[in-house]
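Novice: okay, predicted coordinates and the sequence, questions at the end:
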Amino acid sequence: MNILNLVRIAIRALFRNKMRAFLTMLGIIIGVGAVIAMVAIGQGSKKSIQDQLSTMGSNMVTIRPVSNQGTGGARQESANLQTLTLDDVNAIREQAQYINAVSPAVQARGQAINASLNWPTTLQGISPDYLSIRDWELKEGVSFTVADVNGSAKVCIIGQTVAENIFDAGESPVGKVIRFNKIPFKIIGVLTSKGDNAFGQDQDDIMMAPYTTVQKRILAITHIQTIYASAINEESSVLATQELTQIIRDSHKLSGGQADDFTVRTQAELISTFSSTSELLTVLLAAIAGISLIVGGIGIMNIMYVSVTERTKEIGLRMSIGARGVDILMQFLIEAIVISITGGVIGVLFGIGASKLITLFLSWPTLVSSSSVILSFVVCAVTGVFFGYYPAQKASQLDPIEALRYE
Amino acid sequence: MANNILEIQDMKREFRMGAETVRALKGISFSVQSGEFITIMGSSGSGKTTLLNILGCLDQPTSGTYLLDNVDIKKQTRNELARLRNKKIGFVFQSYNLLARTTALENVELPLFYNPAVSSAKRRKMALRSLEAVKLSDRLDHLPNQLSGGQQQRVAIARALVNEPVMILADEATGNLDSRTSYEIMALIQELNKQGRTIVFVTHEPDIASFSSRTITLKDGKIIKDSPNQNIRSAKEMLESLPVSEDY
């Protein structure tokens, strides 16, 4: 039998029952629409978390000290541990292949003061490489140099939040001298704004100065608290982690049995932690929406079933004028598939529209991925076949004599 | 030698109803030649319906032979029977059996949809020609509920003709119609018969049988009478002799 003829027969049969076909379709439309919109919400939140995390520098590797004394004595807070030193930084600089920038870091909390205005902030002592590690640029002015680091110069660059709080609008901070914990610092640059990070912390609430300056003039320490490095690219961050671990173990002269007295963290780990959370959200939402798709499918089955009973006489007639069982089977199957695919197409449009409206009115981030569209479309066609087959099979098995006499 | 459309030899049909066996047809034999117009008569329970189902290839005999246009029906599969119904038989039913919400033209086209050899252009042409033969060319786009009973039956006859079958099988085709419309339908059938079509008409009305060229009477699953009709009435003349109905 000519398949095109069967499609034509099925479509004509559906057009004869427009209202019923539409109501059946509605189940699928809502199901597919819900899947698309829900997955879009899940994917959108995942994407926005990833974007936020990558503002922290996507290739960044962070090394912090930890206590490796498993037992005995109070375990120290990492900021108080003195195990990381400049020797470690130099070893990394000399030996690491997967690292293209490295910076020691020390931190101090304090009050930044400009004339009558003051603001509590963090002073980060770093080397000039830090800005490239964080993918951070200057809005105005210049960064400090290696010479400033060597000379423990009292220069600093400040973040947007600090600038706004201790300077009047329109006033350029560059060249001004401010005080931090009573030490005067000359501002040589202002950072561009990075906004909040994924944890809601204001990344612009910061001052940066050469680490030597912070070590000697503010903290009076010789160790360093954190080492920031950047892997040559995102893919090599795992290799970079292994390499850094080995270099610092060597530098700390740890023997094989001893545990690390430091940790190496990459942004990739953080990203995957957060992504897996929103992945879970996506799966959960998709599962709920999937259930409505199945309910839609059962709707198709129900209607097709009623339709077979209601059209028994029509089936008998079709058989008496030459339709084979397989022709009847195909007709009902195609009707079910046409309903589910048409419903699927409308559902996809409906889902995309709903996602746009959610973004517009609730300002939730949404992302309609082509994979979710393709997936729900395939599921939809499969639903049509799966739920349409049984009633169609029933129709094709009817005895033409009895079907013709059916009232 | 005349061309036999139907050739039936000692045909039996039995139904098993639980432990009992119902013998609906107890060995009947007859043949029908091309161009004949035969009526099959019988009261209810005579086996008339069973015979009709077998003649229409909707059912198969338990034993005996049934050759339709030289094809042995007993040996056919379900699908082959469907193909035979599509190509060789045109059904006309008592209750018309038109598809609702479907135009006259589409109803007539229906059998051709199941014939892959017919293109869509040819399908339309054949359907138009068939509707012309039943004088309904001006009702192509009417739906069944916009047509009178007689017109609906003419659409059904057009549908039966469209595949150019070897035999038209009518089952009480005038049973739902008033006598005037019945005569109109019979006149149409007689005309089709004159054009050379073989017609088998199942009925229980002796009045209808008098229009055919031969009548087979069944009783209790056996043929009790098979005789040519000496005095064939013309439905057209009957129609003309009827008093013109007065409008009131």
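Specialist: That came through fine. Numbers count the residues shown, from 1 in each chain, chains lettered A, B, ... in the order given.

Novice: distance of the residue of the stretch 201-350 of chain A found nearest chain B relative to residue B:189?
Specialist: Nearest to chain B, among the residues of the stretch 201-350 of chain A, is residue A:322, at 2.3 Å (CB to the nearest CB). Every C-beta, even on glycine, is put in place using the N, C-alpha and C of the backbone. The gap separating residue A:322 from residue B:189 is 22 Å, by CB to CB, to the nearest Å.

Novice: next, count neighbours for the residue of the stretch 201-350 of chain A closest to chain B.
Specialist: By other CB atoms under 10 Å in any protein chain shown, the residues close to residue A:322 number 26.

Novice: what strand or helix carries the nearest residue to it once chain neighbours are set aside?
Specialist: Closest residue to residue A:322 apart from its sequence neighbours, by CB to CB, 6 or more residues apart in numbering or on different chains: residue B:86 at 2.3 Å. Residue B:86 belongs to helix B:78-88 when elements are defined using DSSP states H and E.

Novice: what's next to that helix, contact-wise?
Specialist: Residues outside helix B:78-88 that contact it (CB atoms under 8 Å, 6 or more residues apart in numbering or on different chains): A:319-327, B:56-58, B:60, B:68-69, B:71, B:73, B:76, B:91, B:111, B:114-115, B:163, B:165-167.

Novice: do the same with stretch B:31-41
Specialist: B:2-8, B:48, B:51-52, B:166-167, B:189-190, B:193, B:196-204, B:206, B:208-209, B:211-218.

Novice: bridge partners for residue B:39, pull those for me.
Specialist: residue B:201, residue B:215 (DSSP bridges).

Novice: phi, psi for the residue of the stretch 201-350 of chain A closest to chain B please.
Specialist: Phi and psi for residue A:322, reported as degrees, to the nearest 10, are phi 120, psi 10.

Novice: wait, isn't it in contact with residue B:114?
Specialist: Yes: counting by CB atoms under 8 Å, residue B:114 is a contact partner of residue A:322 at 4.3 Å.

Novice: ok, the closest residue to residue B:88 other than its chain neighbours - contacts?
Specialist: Spatial nearest neighbour of residue B:88, excluding adjacent residues (CB to CB, 6+ apart): residue B:166 at 4.8 Å. Listed by CB under 8 Å, 6+ apart, the contact set of residue B:166 reads B:5, B:34, B:68, B:69, B:88, B:89, B:198.

Novice: distance of residue B:166 from residue A:326?
Specialist: Applying CB to CB, the value for residue B:166 to residue A:326 is 25 Å.

Novice: and the lowest-mean-pLDDT helix or strand in chain B, how far from the chain's centre?
Specialist: Between all helices and strands in chain B, the lowest mean by mean pLDDT, DSSP states H and E belongs to helix B:235-241, at a mean of 85. Relative to the chain's own centre, helix B:235-241 is displaced by 22 Å; criterion: CA atoms, centre = their mean, to the nearest Å.

Novice: pull out the buried residues from that helix.
Specialist: Residues of helix B:235-241 classed as buried: B:235, B:238, B:239 (neighbour count, 16 or more other CB atoms under 10 Å in any protein chain shown).

Novice: contacting residues around the closest residue to the last one other than its chain neighbours?
Specialist: In this case it means residue B:239. Spatial nearest neighbour of residue B:239, chain neighbours left out: residue B:183 (4.5 Å); criterion: CB to CB, 6+ apart. Going by CB under 8 Å, 6+ apart, residue B:183 touches B:235, B:238, B:239, B:242.

Novice: contact partners for the second one?
Specialist: What it means is residue B:238. By CB under 8 Å, 6+ apart, the residues touching residue B:238 are B:183, B:186, B:187.

Novice: try it again with 7 Å
Specialist: For residue B:238, the residues meeting the contact criterion (CB atoms under 7 Å, 6 or more residues apart in numbering or on different chains) are residue B:183.

Novice: look up how far chain A lies from it.
Specialist: 30 Å (CB to the nearest CB, to the nearest Å).

Novice: how many other residues sit next to the residue nearest to residue A:322?
Specialist: By other CB under 10 Å, 24 other residues sit near residue B:86.

Novice: cool, and residue A:4?
Specialist: Counted with other CB under 10 Å, the neighbours of residue A:4 add up to 10.

Novice: could you measure from it over to residue A:11?
Specialist: Between residue A:4 and residue A:11 the distance is 11 Å, computed by CB to CB.

Novice: does stretch B:120-138 come close to chain A?
Specialist: No: using CB under 7 Å from any CB of the partner chain, stretch B:120-138 never reaches chain A; the gap is at least 8.3 Å.

Novice: quick check: buried residues in that stretch?
Specialist: Applying 16+ other CB under 10 Å to stretch B:120-138 flags B:123, B:124, B:126, B:127, B:128, B:130, B:131, B:133, B:134, B:136 as buried.

Novice: repeat for stretch A:37-46
Specialist: In terms of neighbour count (16+ other CB under 10 Å), stretch A:37-46 has its buried residues at A:37, A:38, A:39, A:40, A:41, A:42, A:43, A:44, A:45, A:46.

Novice: sec struct for residue 8, please.
Specialist: The chain I'm using is chain A. helix (DSSP: H, G, I helix; E, B strand; the rest coil).

Novice: sorry, I should have been clearer: chain B.
Specialist: When classified by three-state DSSP, residue B:8 comes out as strand.

Novice: next one: it from residue A:378, what distance?
Specialist: For residue B:8, the distance to residue A:378 equals 54 Å [CB to CB].

Novice: between those two, which has more neighbouring residues?
Specialist: residue B:8 (23 against 11).

Novice: who's in contact with residue B:29?
Specialist: By CB under 7 Å, 6+ apart, residue B:29 lies in contact with B:8, B:9, B:10.

Novice: which one of those residues sits closest to chain A?
Specialist: Nearest to chain A among those: residue B:8, at 18.7 Å, using CB to the nearest CB.

Novice: separation between that closest one and residue B:208?
Specialist: On the measure of CB to CB, residue B:8 and residue B:208 end up 22 Å apart.

Novice: before we move on, what about residue B:225?
Specialist: From residue B:225 across to residue B:208, the span is 16 Å (CB to CB).

Novice: can you pull the pLDDT of the closest residue to chain A within chain B?
Specialist: Nearest to chain A, among the residues of chain B, is residue B:86, at 2.3 Å (CB to the nearest CB). With respect to pLDDT, residue B:86 scores 92.

Novice: also residue B:132?
Specialist: pLDDT, residue B:132: 92.

Novice: quick one, what contacts it?
Specialist: Applying CB under 7 Å, 6+ apart to residue B:132 gives no contacts.

Novice: so which residues of the stretch 51-200 of chain A form helices?
Specialist: Ranges of helices in the stretch 51-200 of chain A, per DSSP state H, counting those that start in this stretch, are A:86-95, A:130-133, A:146-150, A:160-166.

Novice: take those helices and write them to TSV, including distance to chain B, mean pLDDT and mean neighbour count.
Specialist: Listed next are those as TSV, based on distance: least, CB to the nearest CB, whole Å; pLDDT from 0 to 100; neighbours: other CB atoms under 10 Å in any protein chain shown:
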stretch	distance to chain B	mean pLDDT	mean neighbour count
helix A:86-95	77	88	16
helix A:130-133	70	87	20
helix A:146-150	84	90	14
helix A:160-166	70	90	21
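
Novice: show me where the stretch 101-250 of chain A has strands.
Specialist: Assigned by DSSP state E, counting those that start in this stretch, the stretch 101-250 of chain A shows strands spanning A:117-126, A:138-141, A:155-158, A:177-180, A:183-191, A:206-210, A:226-231.

Novice: can you check chain B too?
Specialist: In chain B, the strands defined using DSSP state E lie at B:4-17, B:20-33, B:37-41, B:63-68, B:71-72, B:89-92, B:167-171, B:198-202, B:214-219, B:222-228.

Novice: of those strands, which stretch is the most buried?
Specialist: strand B:89-92 (a mean of 26; mean count of other CB atoms under 10 Å in any protein chain shown).

Novice: give me the helices and strands touching that strand, please.
Specialist: Secondary-structure packing of strand B:89-92 (3 or more CB pairs under 7 Å, 6 or more residues apart in numbering or on different chains; DSSP states H and E): helix B:149-161, strand B:167-171.
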